[in-house]
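Novice: Prediction below, plus the sequence it came from.
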Amino acid sequence: MNELNKILILFAHPALEKSIVNKSLFSALQGLEKITTHDLYEVYPDFFIDVTFEQELLKEHDIIVFQHPLYWYSSPALLKKWQDLVLEHGFAYGEGATALHGKKLLSAITTGGIREAYQKNGVNRYTIRQILTPFDQSAHFCGMEYLPPFVVHGARLEDNCGNTDRLAREYQTLILALRDNRLNYQEIRQYEYLNQCLDLLNP
Amino acid sequence: MHDQGFFFQAFIYLLAAVLSVPLAKRLGLGSVLGYLVAGVVIGPFVLGLVGEEQSDVLHFAEFGVVMMLFLIGLELQPSLLWKMRGSILGLGGLQVLITTLIIAGVSRFFGLSWMMAAALGMILALSSTAIVLQTLNEKGLMPTHAGQSSFSVLLFQDIAVIPMLALLPLMASPELLASVGGKGNSGSEHAGLTATLAGWQQALLVLAVVAVIVVAGRFLLRPVFRFIAETRLHEVFTAASLLIVVGIALLMQLVGLSPALGTFLAGVVLAESEYRHELETDLDPFKGLLLGLFFISVGASIDFLLLLSQPWLILGLVFGLVIIKFAVLFFLAIVFKLELSQNFLFSFALAQGGEFAFVLFSFAVQNHVLPADTAQLCIVVVALSMITTPLLMMLNESLIQPLFANRNIKSREADQIDEKENPVIIAGFGRFGQIVVRLLKANNIRATVLDHDPGNIEMLRRFGWKVFYGDAGRIDLLRNAGAEQAKLLIVAIDDKEHAVEMIKLVRKHFPHLRILARAVDRPHAYELLKLGIDEVYRETFSSSLEMGVGALRILGFRAHQAHRMAQVFRRHDEGSLKKLAPLWGNEKAYLQGVHQYLSDLEGLLNEDSQELHLDVDPAWSSNIPREDDHGT
């Protein structure tokens, strides 16, 4: 139980130079022990993904994080392509393919819309959990547990852009808690967002 | 001992410089003081190695000042000069005027006639361009506020010499004239042709000469330089550079203007030309040596017998001169709102007599304005005041500046617009380099471009590109082009050996520069990789691959598939290039490596042709078992 989890942050942002929230979230995880940050758009500007290398990375880590802005209710294109190529038959699923079994998958996303927009009677009509169903099911299909997502709503709002330090600190706290096994999975499964655990961590 | 010919003289001067300057620099005294002290040591009053030919040498060495002003002009775009007009006229004008008045007043108080006092005031108001600029440059203080202000004042003083030369003959004292029996102003080389002309004719002539320099600089010199550059004979270019400076100096002397001012003007005219960096680089050593010679001569010319005969009077005068000049400068700097730390630097820098004083004093004696013994005395005072400058600057640096340690002295540096601040230097602006620069330019990144093909430069300039003539393999030229501040050097020349040589040199002299190199072919790429350059770009590789993609598409491949195959090929080939590079040069190992590479490639291509997708992106292949394939 006390052994640290190795965490792989798969970060997908096609225009990081224009990002405010995601940039600070991502930089809050740099240089931390047992945490590998992998900036996909920086490593694969031509979308030519090194599948073997990516699969090796996955094998080495216990918790995989998809960190990205929510684009059209999904991930930016490169992360989708990454899924298409890396989570291949014979590695991620299929007979005898157990490489990912028992690992955990976390979505860490930012959205332009506020939380109220992601409701049955909001403009987006579906909740974040419903929208993330493809990721949830992909994880399940590969034998991984899908954790409640870390979500920053209204990422372009003044309230958040001016508070990137706080957001980054919260994100870092949660990721470190996951790394250090300080979260009770039984408990967090009940949450809609991982953000809610913050109260537990900072009573 | 002085008549052992040219070589002996040259040997003494060079030896003095080589011994004293490094020593002075090591002791933190600056090169100027080193030269001056060397001059004193070899001069007639200590070792006596050089003697009466001293004044000739001094005269010759003044040419170093002329050259220095040409080089300063080269650095100064006309627009920048125009921006400085306020401080040149205001600060410079007031400095000369007020200092003249005060010194004249003091001299009158000590019993000199009004005419003599005024002449003395004028001559002593000048500061030493050579000492000030050399010292400021050496300490890297030229771009500061104080440096710029000092330069403005010096520039005005150089201009002021012209009317002074015109005025002095009119100020002759009747009693001095009487005593020599009206010998007339014989040796007035400085008055030149203009001496016989009326005032308005002189003014017209001056304007005409200035116009000639500007027009010729703009329209004549560029084609001439181009013609010379096309010979690819470096020494001829150097000769032409010297020819221009000497020619202008001669022309200016002919019409009675200050040669320094004329060459400065020519420098400004050429500041925007493509030959600027090359001119700077070629002339710089000459300037340095001549200035050194000049300082040595000043040191050697100090008349210690005179000094020893009236030590207290002379030291008192030196002290008084420096104090008066300092006070006037300090006052003006306050009026012109220089920050206090800059004010001290400015005032200490300019508080000495100038080299023009030597000329003007002898001119004044010839024209019976001043008695010879007064002039002799003043020349010693001026020379000694020059020695005080490096000392005062050291005092300023170690005692006064620390008081302002937290103030931002370099605040002005940011608005110096100059190519030297470009983050990128690109060598070679042919069909390869142009595309690189265009991409950078489209992203608002400025590059300093060097090319050595005059025809190419001419053409590109017509299209509005700013390209400098020069061989980027020369370290001094690269330094002038700003290699010390730049981040990247892009080597895009087409000469293989030359590129390798250049990179070796650059890595030695500018280890901080990231180098991106164009490789003409595969062996060249190996060579570059072996030098440790990791950014090596084969010039035809990418376009050949694209052509291959085009061919595959015409043969019926899906566009994306052809594109992916090219990506696979690129990775494989670039990987093998890096693996094979260390083996290059060892024939046996290399051939073995190549065989391995070829069989790998063959295997890859065979797999490609049979099961293209399976090898690259199995997930997209169609022969995956379908039954559990819900996920994709």
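Specialist: Perfect, thanks for sending it.
Novice: For chain B, what is the nearest residue in chain A?
Specialist: residue A:88 (3.9 Å; C-beta to the nearest C-beta). Any C-beta I mention is one placed from the backbone N, CA and C, and that applies to glycine too.
Novice: What does the pLDDT read for that residue?
Specialist: We have a pLDDT of 91 for residue A:88.
Novice: before we move on, what about the one 10 residues further on?
Specialist: Residue A:98 carries a pLDDT score of 92 in this model.
Novice: check which helix or strand covers it.
Specialist: Assigned by DSSP states H and E, residue A:98 falls within no helix or strand.
Novice: What distance do you get for it to residue A:3?
Specialist: For residue A:98, the distance to residue A:3 equals 20 Å [C-beta to C-beta, to the nearest Å].
Novice: higher neighbour count, the two?
Specialist: residue A:98 (13 against 9; other C-beta atoms under 10 Å in any protein chain shown).
Novice: contacting residues around the lowest-mean-pLDDT helix or strand in chain A?
Specialist: Taking mean pLDDT, DSSP states H and E as the measure, the helix or strand of chain A with the lowest value is helix A:158-161, at a mean of 76. With contacts defined as C-beta atoms under 8 Å, 6 or more residues apart in numbering or on different chains, helix A:158-161 is touched by A:20-21, A:152, A:154-155, A:167.
Novice: can you do 10 Å?
Specialist: A:20-21, A:24, A:110, A:114, A:152-155, A:166-167 (C-beta atoms under 10 Å, 6 or more residues apart in numbering or on different chains).
Novice: and if you look at stretch A:26-37?
Specialist: A:3-11, A:13, A:16, A:19, A:39, A:57, A:60-63, A:65, A:67, A:108, A:164-165, A:167-173, A:175-176, A:178-180.
Novice: Buried residues, that stretch. List them.
Specialist: A:26, A:28-29, A:35, A:37 (16 or more other C-beta atoms under 10 Å in any protein chain shown).
Novice: Show me these that map onto strands.
Specialist: With DSSP state E as the criterion, strands contain A:35, A:37 from among the buried residues of stretch A:26-37.
Novice: Of the buried residues of stretch A:26-37, which pair is most distant in space?
Specialist: Spatially, the most separated pair among those is A:26 and A:35, at 11.3 Å (C-beta to C-beta).
Novice: Tell me the pLDDT of residue B:632.
Specialist: For residue B:632, the pLDDT comes out at 44.
Novice: What of residue B:473?
Specialist: On the pLDDT scale, residue B:473 gets 76.
Novice: quick check, it in a helix?
Specialist: No: under DSSP: H, G, I helix; E, B strand; the rest coil, residue B:473 sits outside any helix and is assigned coil.
Novice: Including neighbour count and secondary structure, could the contacts of helix A:158-161 go into CSV?
Specialist: Output for these, formatted as CSV (neighbours: other C-beta atoms under 10 Å in any protein chain shown; DSSP: H, G, I helix; E, B strand; the rest coil):
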residue, neighbour count, secondary structure
A:20, 15, coil
A:21, 21, helix
A:24, 19, helix
A:110, 23, strand
A:114, 14, coil
A:152, 23, strand
A:153, 20, coil
A:154, 18, coil
A:155, 23, coil
A:166, 11, helix
A:167, 22, helix
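Novice: Which one of those residues is nearest to residue B:20?
Specialist: Among the contacts of helix A:158-161, and counting by C-beta to C-beta, the member closest to residue B:20 is residue A:24, at 58.4 Å.
Novice: For the closest one, give me its contacts.
Specialist: Per C-beta under 10 Å, 6+ apart, neighbours of residue A:24: A:160-161, A:163-169, A:171.
Novice: where exactly do the strands run in chain B?
Specialist: For chain B, applying DSSP E gives strands covering B:424-427, B:447-451, B:467-469, B:488-491, B:514-519, B:535-538.
Novice: Same question for chain A.
Specialist: A:7-11, A:35-39, A:63-69, A:104-110, A:145-146, A:150-152.
Novice: Residue B:368 against residue B:375, yeah?
Specialist: No: at 11.1 Å, residue B:368 does not count as touching residue B:375 under the criterion of C-beta atoms under 10 Å.
Novice: May I have the least confident helix or strand of chain A exported as CSV, CA atoms only?
Specialist: Taking C-alpha atoms only, helix A:158-161 is exported to CSV below (Å, rounded to 0.1, in the frame of the first residue of the first chain):
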residue,chain,number,x,y,z
GLU,A,158,-11.5,35.7,-15.5
ASP,A,159,-12.1,33.9,-12.3
ASN,A,160,-10.0,30.9,-13.4
CYS,A,161,-7.4,32.7,-15.5
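Novice: Find out how far it is from the centre of the chain, if you would.
Specialist: 21 Å (C-alpha atoms, centre = their mean, to the nearest Å).
Novice: Repeat that for stretch A:129-139.
Specialist: For stretch A:129-139, the distance to the chain centre is 12 Å (C-alpha atoms, centre = their mean).
Novice: same check, this time on stretch B:43-52
Specialist: How far stretch B:43-52 lies from its chain's middle: 33 Å, per C-alpha atoms, centre = their mean.
Novice: got it, and stretch A:38-47?
Specialist: 17 Å.
Novice: wait, what's in contact with residue B:556?
Specialist: residue B:562.
Novice: Can you read off the pLDDT for it?
Specialist: 89.
Novice: Residue B:618 too?
Specialist: So, for residue B:618, pLDDT stands at 53.
Novice: can you check residue B:373 too?
Specialist: 85.
Novice: Pretty sure residue B:303 is one of the things it touches, is it not?
Specialist: No: between residue B:373 and residue B:303 there is no contact under C-beta under 10 Å: 11.3 Å.
Novice: any idea of the mean pLDDT for stretch A:101-118?
Specialist: Here the average pLDDT along stretch A:101-118 is 94.
Novice: so who does residue A:136 touch?
Specialist: A:105, A:107, A:129-130, A:144-147, A:149.
Novice: returning to that earlier point: settle it for me: which of residue B:373 and residue B:303 has more neighbours?
Specialist: residue B:303 (17 against 10).
Novice: Could you report the neighbour count for the nearest residue to that one once chain neighbours are set aside?
Specialist: Nearest residue to residue B:303, sequence neighbours excluded (C-beta to C-beta, 6 or more residues apart in numbering or on different chains): residue B:380, at 5.2 Å. Number of residues near residue B:380 (other C-beta under 10 Å) recorded here: 21.
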